[in-house]
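Asks: Give me a model of this one.
(chains A and B)
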Amino acid sequence: MPTAAMRVEDLVNREYQHGFYTDIEADSVPRGLNEDVIRLISAKKHEPDFMLQWRLKAYRHWCTMREPTWQNVHYAPIDYQDIIYYSAPKAKTDGPQSLDEVDPELLRTYDKLGVPLQERALLAGVAVDAVFDSVSVATTFKEKLAELGIIFCSFSEAVQRHPELVRKYLGSVVPYTDNFFATLNSAVFSDGSFCYVPKGVRCPMELSTYFRINATSTGQFERTLIVAEEGAYVSYLEGCSAPIRDENQLHAAVVELVALDNAEIKYSTVQNWYPGDEDGRGGIYNFVTKRGKCAGVNSKISWTQVETGSAITWKYPSCILQGDNSIGEFYSVAVTANRQQADTGTKMIHIGKNTRSTIVSKGISAGRGQNTYRGQVKILKGAEGARNYSQCDSMLIGDRCGAHTFPYIDVRNSTATMEHEASTSKIGEDQIFYCKQRGLSAEDAVSMIVNGFCKAVFRELPMEFAVEAQNLLGISLEGSVG
Amino acid sequence: MLEIKGLRASIQGNEILHGVDLTVRAGEVHAIMGPNGSGKSTLAQVLAGHPTYEVTGGSITFEGKDLLEMEPEERAREGVFLAFQYPVEIRGITNAYFLRSALNAVRKHRGLEELDPIDFLAVLEEKTKVIELDEELINRPVNDGFSGGEKKRNEILQMAVLEPKLAVLDETDSGLDIDALKTVAAAVNKLRRPDNAAILVTHYQRLLNYITPDYVHVLADGRIVRSGGKELAHELEARGYDWLRPAVTA
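Replies: Here you go, the predicted model:
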């Protein structure tokens, strides 16, 4: 008879459902990184010279940098010369003008991933900017948004059609010198999303983007930039899925958000990258730099994330609260099961007066997962009346996982108020048995407990995502239940 | 209703129950008493199906069905309830939500319609009349921050809601003061019906002053060495358990 320990283990094993990969001839660049590769990438994308120069500056800076070692995640050394930095699917023409012109194989890929562009875009009214490997494939609803003056397109397209906006804001929140991976991204970024919402405009639909890593050893380096001008509002959804691969895949994205006076940006992520097999082999390395600048007075930026995938998650979506009365929020559920590792959290930098930040972090560890929360709340000298509330809860499922917390609190203004709460709880055999003895199955018990645990974060997700997130969580913690 | 024959059970290779026989009929209340380490709690846990214990021999038949073949949640849905000696805390769920889910699982099994939160609230209100539990505690996570007495009362509330056929109360009286004991006992008595039964596992005769058992059994060294009516409990209170020991070694 299987022991209870094995039963709990079963629950945290999961079959990665999106394991497959599309057989499409990818238009790749030779492996390795040097100035020639960068020039080649820039040329392939027909970028204006300012962009190439920015990339080269970043690359040269990167050559002087050393990879960080302070993180609480462990991985084999990455050979940066053994990565292909560009991969694009061959298209019939140089760029699809409409969905009809998109390679049908690609559309089928999106169908499998649950992103039927036509259906979703049409019925839900959500514009989808579908990124396949390194090139944007289709951007729907561009015309509708254009009527409102909203620009929502691929980053590559923005570089060509709105260079003045890109030049103005690129690197203003995450400078190319910021950190090892952001600098690398700045040199070799492939594509991503660009969104610009003009003064006083409220974007009427949730904007979304789908990513996928495909070709062998392709590092994916997305770059996203979202700007909300005075009084603007936009809600952006980021969801990912990736196929089963044997080699680890590096995913070093950079996301910059800029909110001007009275503007608000809501950025939600549901992440389900391939997490590696039960022995920790394969799986995506998700090393991301995400930062929002509340540049304007009364501006607000919220980050909401549900991270269940990746072999290693290393990211700190942060807010720079520069404008007076600005608000920064971070809501996160991070799951590490099997042998996944996470070192994630946020940074809230209070600069302006009467700024407020809220941090709610829920970490769930299962199997042999190691989950680390690292958060920084920094209140500078001039931040009169700053307020922060942080709540950091860890849940341990089974007895071989780990949860770690590293809060950094740096307060330089005596009128500031800070609250920090942390708790650790576990779902042990005893609790599951208790639930079973009341007629609940083990799966239901775990699901109930975990959902209750994550409620505060799920509440912040836009409706479509909230349901997806709950299901994803259920699947993540479900085993091969017969 | 319940028939235990020659039950043997061990934990981590050590045999605790060396052949227990017990028969419980509907409408009956049986008390199981015995010295420390005799296997009383083990018996309760084995009935519930706790995975730590391995059944190495014998049989348990519940309502004509093989109980040992059933998973713990199945046994619960069939109507076996264990009031834990040390109820655990479950931080992620409120008592109300937990109870409603449990009740719905049982109802589903019995082919009844599941209750929505509003209907359930009505049920809960009625049941809290049986055992007084502060309303505030109902909306707290399961047993979170409850005192020992509150946890025990919560167990009885759950029993009232789930209406089991067989309730096994594992040392429900331990850690309770006289008043709390009286409250719990009163509740258990209120829940007695001709079609259900209860097994009270207890150390002390005291509980039996308030809940009158039909039968008292003494479990010592893994076996039931003596059975009798409620007078047996008084005799044990006066004489202790040693006088029964020679019967075991013989």
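Asks: now the strands for the stretch 101-250 of chain A?
Replies: A:128-132, A:135-139, A:151-154, A:193-197, A:207-211, A:223-228, A:233-241, A:249-251 (DSSP state E, counting those that start in this stretch).
Asks: and the closest residue to A:Q81 other than its chain neighbours, how many neighbours?
Replies: Closest residue in space to A:Q81, ignoring its immediate chain neighbours: A:G32 at 4.5 Å, by C-beta to C-beta, 6 or more residues apart in numbering or on different chains. No exception for glycine: its C-beta is placed from N, CA and C like everyone else's. By the measure other C-beta atoms under 10 Å in any protein chain shown, the count of residues near A:G32 is 14.
Asks: Check B:G37 too.
Replies: By the criterion of other C-beta under 10 Å, B:G37 has 12 neighbours.
Asks: Is it in a helix, a strand, or coil?
Replies: Here B:G37 is recorded as coil under DSSP: H, G, I helix; E, B strand; the rest coil.
Asks: show me the contacts for the most centrally placed residue in chain B.
Replies: Nearest to the geometric centre of chain B sits B:V168, at 1.8 Å (C-alpha atoms, centre = their mean). By C-beta atoms under 8 Å, 6 or more residues apart in numbering or on different chains, the residues touching B:V168 are B:44, B:47-48, B:80-83, B:198-199, B:201.
Asks: what subset of those residues is also close to chain A?
Replies: Taking C-beta under 8 Å from any C-beta of the partner chain as the test, chain A is in contact with B:48, B:81-82 out of the contacts of B:V168.
Asks: Pop out the phi and psi values for the closest residue to A:T224 other than its chain neighbours.
Replies: Closest residue to A:T224 apart from its sequence neighbours, by C-beta to C-beta, 6+ apart: A:G192 at 4.0 Å. For A:G192, the backbone dihedrals (degrees, to the nearest 10) come out as phi 180, psi -150.
Asks: what about the helices in the chain?
Replies: In the absence of a named chain, chain A is used. A:4-12, A:35-44, A:49-63, A:104-112, A:117-119, A:142-147, A:155-161, A:163-169, A:180-188, A:429-437, A:442-458, A:463-476 (DSSP state H).
Asks: that's the other chain; I wanted chain B
Replies: Counting by DSSP H, chain B has these helices, from start to end: B:40-48, B:72-78, B:95-109, B:117-127, B:135-138, B:148-162, B:178-191, B:207-210, B:231-239, B:245-249.
Asks: how about the residues of chain A near chain B?
Replies: Residues of chain A lying near chain B by C-beta under 8 Å from any C-beta: A:1, A:3-4, A:7, A:395, A:423, A:425, A:427-431, A:433-442, A:444, A:448-453.
Asks: how about a cut-off of 7 Å?
Replies: A:3-4, A:425, A:430-431, A:433-434, A:436-441, A:448-450, A:452-453 (C-beta under 7 Å from any C-beta of the partner chain).
Asks: among the residues you listed, which ones are buried?
Replies: Among the residues of chain A next to chain B, those classed as buried by 16 or more other C-beta atoms under 10 Å in any protein chain shown are A:4, A:425, A:430-431, A:433-434, A:436-441, A:448-450, A:452-453.
Asks: residues in contact with A:F221?
Replies: Applying C-beta atoms under 7 Å, 6 or more residues apart in numbering or on different chains, we find A:F221 in contact with A:185, A:188-190, A:252-253.
Asks: Mind doing that once more with 10 Å?
Replies: Residues in contact with A:F221 (C-beta atoms under 10 Å, 6 or more residues apart in numbering or on different chains) are A:41, A:83, A:85-86, A:134, A:181, A:184-192, A:250-254.
Asks: ditto for B:D242
Replies: B:35, B:220.
Asks: ok, now how distant is it from A:K347?
Replies: 68 Å (C-beta to C-beta, to the nearest Å).
Asks: and what of B:L115?
Replies: Remark: distance between B:L115 and A:K347 (C-beta to C-beta) = 46 Å.
Asks: between these two, who's got more neighbours?
Replies: A:K347 (20 against 16).
Asks: quick one: contacts for that one?
Replies: A:291, A:316-320, A:328, A:330, A:357, A:359, A:374-378, A:408 are the contacts of A:K347 under C-beta under 10 Å, 6+ apart.
Asks: quick one: pLDDT of A:G19?
Replies: A:G19 carries a pLDDT score of 48 in this model.
Asks: tally of neighbours for the closest residue to B:Q158 other than its chain neighbours?
Replies: Nearest residue to B:Q158 in three dimensions, chain neighbours excluded: B:L99, at 6.2 Å (C-beta to C-beta, 6+ apart). B:L99 has 24 neighbouring residues, counting by other C-beta under 10 Å.
Asks: Hmm, B:E155 and B:L99 touching each other?
Replies: No. B:L99 is beyond contact range of B:E155, at 11.5 Å (criterion: C-beta atoms under 10 Å).
Asks: which stretches of chain B have low pLDDT?
Replies: Across chain B, the ranges flagged by pLDDT under 70 are B:245-250.
Asks: please redo it, this time with the cut-off set to 90
Replies: B:1, B:12-16, B:19, B:34-41, B:51, B:89-97, B:108-153, B:171-192, B:202-213, B:219-250 (pLDDT under 90).
Asks: per-residue confidence at the residue nearest to A:T224?
Replies: pLDDT recorded at A:G192 is 83.
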